[in-house]
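**Student:** Have a look; sequence and predicted model below, questions after that.
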Amino acid sequence: MKPFGIQLALTICLIGASVAEANAEKASRILVDKSERTLVLFSDGRPIRSYPVSLGLNPIGHKRYEGDKRTPEGIYLIDGKNPNSAYHLSLHISYPNERDKRTARERGWDPGGQIMIHGLPTGLIKASAKYEYDWTDGCIAVSNAAIEEIWRLVDEGTLIEITP
């Protein structure tokens, strides 16, 4: 059995870690800068975290239709969280908005959907792998460690702005 002092110190450390996690600053806004390949979380106007991202295979320009491999640009919301994602964890982005739907309809296109912020594919042997290139179908991909942190700091209803 461990001496009482060590047990007490361990207990205090565990309580401290739990309190810190519970009091972690929640993000009030997300900014994805496609040209910089970054995702930044903001709280009350201050950046609190930043992550490198991978985008759609055809990253230049706004998403126009299903299958164009582009990541959308504009202002959306995080409108869902999927703990059983095929990509570790995922946060759903409210693309397409009404403007996206209208534009696609006028051109006879399907705007697509299922745009997410997500981790790496579930079952990937090197789950810590960092992609140095764009590889998604239009989503915003981060490392598994990053999506776990983003998952904790971002609530449904959080505004996300995706810029060129």
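**Tutor:** Ah, there it is. Numbers count the residues shown, from 1 in each chain.
**Student:** Export the helix or strand harbouring I150 to CSV, keeping only CA atoms.
**Tutor:** For I150, the enclosing helix or strand under DSSP states H and E is helix 144-153. The C-alpha coordinates for helix 144-153 follow below in CSV (Å, rounded to 0.1, in the frame of the first residue of the first chain):
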residue,chain,number,x,y,z
ASN,A,144,-7.2,12.2,-33.9
ALA,A,145,-5.7,14.0,-30.9
ALA,A,146,-6.9,17.3,-32.3
ILE,A,147,-10.5,16.1,-33.0
GLU,A,148,-10.7,14.8,-29.4
GLU,A,149,-9.7,18.2,-28.1
ILE,A,150,-12.0,20.0,-30.5
TRP,A,151,-14.8,17.6,-29.6
ARG,A,152,-14.5,18.7,-25.9
LEU,A,153,-14.3,22.4,-26.6
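**Student:** Could you list the residues in contact with the helix or strand that it is followed by?
**Tutor:** Remark: after helix 144-153, the chain's next helix or strand is strand 159-163, criterion DSSP H and E. Residues from elsewhere that reach strand 159-163, judged by Cβ atoms under 8 Å, 6 or more residues apart in numbering: 28-35, 71-78, 93, 117, 140. From N, CA and C alone the C-beta is placed, and that goes for glycine too.
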